[in-house]
Each structure stands twice: as structure tokens, then as C-alpha cells.
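Q: Have a look; sequence and predicted model below, questions after that.
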There are 2 protein chains.
Amino acid sequence: MTPKTSPPAATLDVSVLAGDLRLACMRISRRVRFESTDALPPHQFSVLVRLEDVPRTAGELADIEKVSAPSMSRTVASLVERGLVARQPDPTDGRQVILSLSPQGSAMLSHIRRRRDEWMATRLRSLSARDRAVLAQATAILTRVAAA
Amino acid sequence: MTPKTSPPAATLDVSVLAGDLRLACMRISRRVRFESTDALPPHQFSVLVRLEDVPRTAGELADIEKVSAPSMSRTVASLVERGLVARQPDPTDGRQVILSLSPQGSAMLSHIRRRRDEWMATRLRSLSARDRAVLAQATAILTRVAAA
DNA sequence: TATTGTTATACTCTATAACTATA
DNA sequence: TATAGTTATAGAGTATAACAATA
């Protein structure tokens, strides 16, 4: 099924590439998560990212993260308790609460990202300049694909 | 910090590339997981993969997956109950139990992988042949990086 | 006595249902 | 009456500690 020799681009088997590329991306993600044991559980990290530069209500966060309102309520309560998120009553609607990143929350995001990026940067430095150039092109393409 | 024009390969900022590439891989992984809502929770899927072609004991699985023995005990019990994993007493050591993939477990793995690959293949088909060629090269490099 | 695996208990994150407060 | 959010309760996942069976 898979040709042993590299085929020209035009005859690339898209199914095979899809499987290999998906697997490669998932393995990289897994390694990043495992190596840089984070100070924050994934669902809390995710919420901090959503609040970056954009204050939101708990309901909005629940919709975006596709979890129930009570789940988000607890997650937010935990983040507020840790001082990473600030609560502010909505002046025009007393039912709502505006949530935003605290300076500590912002610092936490930076810290986690720096640790994750370090793992990747170390690996990239051991590659050839040519391989890095290929990955730079691929990054642009993958970013477009992920956003589509 | 980040140059607005594409720099030549030799002057690529490795830190920037590391951050962008890591993010791209994680976003792809996230999309794949979200779009193909799996029939199996992640930790169960992971164990099935570990048993593919290689029967193992519960203790081995706990070590590999970096979870406690009791956790693995429960996960395995669930997989056995669903008929995806078969148990067999070790003939030489009565304390151990050999775990292996059942035919249903094998079919489940194929099914999940097919669904995941389909999402990726659909996206790849909408790219130019040149972009696919870049991704094919990148896949080989990333696979090496993830394994290192 | 050491090792493999399970059971007992507790903590976290998930959910749905019920409740409070505001619109 | 409808909506935003929290509390009540239950169901999985995780863990450590204690136990059973076997080496």
C-alpha cells in the first residue's frame, strides 16, 4: 500500500499522510504535556487562555469549552480561589459576573508556555537548519489547517 | 521580536518557531479529538494501543501509562467488561494475569483511527500539492522529534 | 518476606436536577 | 416567565493505604 520510495508530491497518498501527520502531531502534544508537568490541570489552563485579553462571563466560558454551567462554575471558583481570575459584577445585569485574568493568572500562563516551548526549542536546536526551515513552512500550513 | 518578513532559514528564531510549532501541533490534536468524539475515553484508548500485538500484565500497563496500580486495575476491569480486552492467567506465576486485545478491541482501535484520519485527510485534500509535500517532509521530521 | 493485584476510602472533575436572584 | 449562576447529588477518573494470594 505505502510505496517504499518517496513518491513525487503529485502522487502522495493523502490517506497515508493524514494518518502519519495526525499521529506525529498527537505524539508531539503528548510529549509536551508529559515533559512539562504543568502547575495547572488542563481544564483550568484552558479557561485562563480563553480569558486572555477578553473578559467573559461564566456562561460564555461554559459554551466555548463545551462543559456544563455547574462544571464551569466550579472551575472558575477554583481559579478565583487561587487568585488567577478576578470576578466583577456586571453593572448592567446583576445576574452576570464578568471574569478576567488577574496579573497572577497572566504570569501563570506565561510560565506554563515558557516551559512547554523550552522542550520544543531544545529539540529544534538539534536539527539541521534545513529541517528547521521545513518545519517553519509546515507550521504556517498546520496553523491554517487547525484554524479552518 | 518576530520579524515581519520571512527570514532565511539560517536566521530562523528557534524560540519563535518552537512556540508556533508546538501550538500548531496541539491545536491539530485538539481538533482531532473534538471532531471525532470517540467511543472510548482517552485512558482506555491508550491501554488498547499498548496491548496491540503485545500482551502485557496490569503492572506493566500501570508503569507504561504512569498511573497507579489500582487505577489500572479499574481501567482494565472496565475494558474486560466491555469485551475489548481478554484476561488469561499466567501459567508460570499465579499472581499475574496476562491481558491481550480481543478481536472486538482490535476492531475498536481500527474504527477510532479511521475516524481520526478522515478528519485530517479531508483537510489535506483542500491543500495544494506543494503544501502537502511540505507536510510530508515535516511529518518525517516530527516523527523523529517525538520519538527522541 | 517480597511481589502482584484487588478492595477500601477519599479527592477531583464531570453531569443533571433543583434552587436563588435578577430581568 | 425566562435567564445567569450556584448548590445538591451522583457517576467516573485519579490517588494512597490496607489486604489477599502467590513466589
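A: Here it is on my side, so go on.

Q: From now on I want contacts and neighbour counts done on CA atoms only, so please keep to that.
A: Noted.

Q: can you tell me which helix or strand residue A:106 belongs to?
A: For residue A:106, the host element (DSSP states H and E) is helix A:103-125.

Q: again, but for residue A:92
A: Using DSSP H and E, residue A:92 falls outside every helix and strand.

Q: Which residues in stretch A:52-61 does the neighbour count mark as buried?
A: Going by neighbour count (16 or more other Cα atoms under 10 Å in any protein chain shown), the buried part of stretch A:52-61 is A:55-59, A:61.

Q: meant to ask about stretch A:35-47
A: Under the neighbour-count criterion of 16+ other Cα under 10 Å, stretch A:35-47 has A:36, A:38, A:44-45, A:47 buried.

Q: With respect to DNA strand C, which of those is nearest?
A: Checking the buried residues of stretch A:35-47 against DNA strand C with Cα to the nearest atom of the strand, the nearest one is residue A:44 at 7.2 Å.

Q: Retrieve the pLDDT associated with the residue lying closest to the closest one once chain neighbours are set aside.
A: Sequence neighbours aside, residue A:75 is the residue nearest to residue A:44 in space, at 6.5 Å (criterion: Cα to Cα, 6 or more residues apart in numbering or on different chains). Per-residue pLDDT puts residue A:75 at 97.

Q: what's the angle between the helix or strand harbouring residue A:75 and helix A:103-125?
A: Here residue A:75 sits within helix A:69-81, counting by DSSP H and E. Using axes from the mean of the first three to the mean of the last three Cα atoms, to 10 degrees, the inter-axis angle of helix A:69-81 relative to helix A:103-125 is 90 degrees.

Q: and the spatially most central residue of chain A, what helix or strand is that in?
A: The residue lying closest to the centre of chain A (Cα atoms, centre = their mean) is residue A:46, at 7.1 Å. If you go by DSSP H and E, residue A:46 is part of helix A:42-51.

Q: Give the buried residues for stretch A:109-129.
A: Neighbour-count burial for stretch A:109-129, counted by 16+ other Cα under 10 Å, picks out A:109, A:112-113, A:116-121, A:123-124, A:129.

Q: Would you mind writing the CA trace of it as CSV?
A: The C-alpha coordinates for stretch A:109-129 follow below in CSV (Å, rounded to 0.1, in the frame of the first residue of the first chain):
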residue,chain,number,x,y,z
LEU,A,109,0.1,31.5,31.5
SER,A,110,3.5,32.9,30.6
HIS,A,111,5.2,30.4,32.9
ILE,A,112,3.5,27.4,31.5
ARG,A,113,4.0,28.4,27.9
ARG,A,114,7.7,29.1,28.5
ARG,A,115,8.2,25.6,30.0
ARG,A,116,6.4,24.0,27.0
ASP,A,117,8.3,25.9,24.5
GLU,A,118,11.6,25.1,26.0
TRP,A,119,11.0,21.4,25.4
MET,A,120,10.3,22.0,21.8
ALA,A,121,13.2,24.5,21.3
THR,A,122,15.7,22.1,22.7
ARG,A,123,14.6,19.5,20.1
LEU,A,124,14.7,22.0,17.3
ARG,A,125,18.2,23.1,18.1
SER,A,126,19.4,19.5,17.5
LEU,A,127,18.0,19.6,14.0
SER,A,128,19.7,20.8,10.8
ALA,A,129,18.9,24.3,9.5
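
Q: ok, back up a step: now the residue nearest to the centre of chain A, nearest residue through space, not along the chain?
A: Leaving aside its sequence neighbours, residue A:46 sits nearest to residue A:65 (Cα to Cα, 6+ apart; 8.0 Å).

Q: any idea how far the closest residue to residue A:38 other than its chain neighbours lies from residue B:28?
A: Take residue A:38 and drop its neighbours on the chain: the residue closest to it by Cα to Cα, 6+ apart is residue A:112, 6.5 Å away. Look at residue A:112 and residue B:28: by Cα to Cα, to the nearest Å, they are 19 Å apart.

Q: and the two most separated of the buried residues of stretch A:109-129?
A: Pairwise distances across the buried residues of stretch A:109-129 (Cα to Cα) peak at 29.8 Å, for the pair A:109 and A:129.

Q: near DNA strand D at all, the helix or strand containing residue A:60?
A: Following DSSP H and E, one finds residue A:60 within helix A:58-65. Yes: Helix A:58-65 lies within reach of DNA strand D by Cα under 7 Å from any atom of the strand, at A:58-60.
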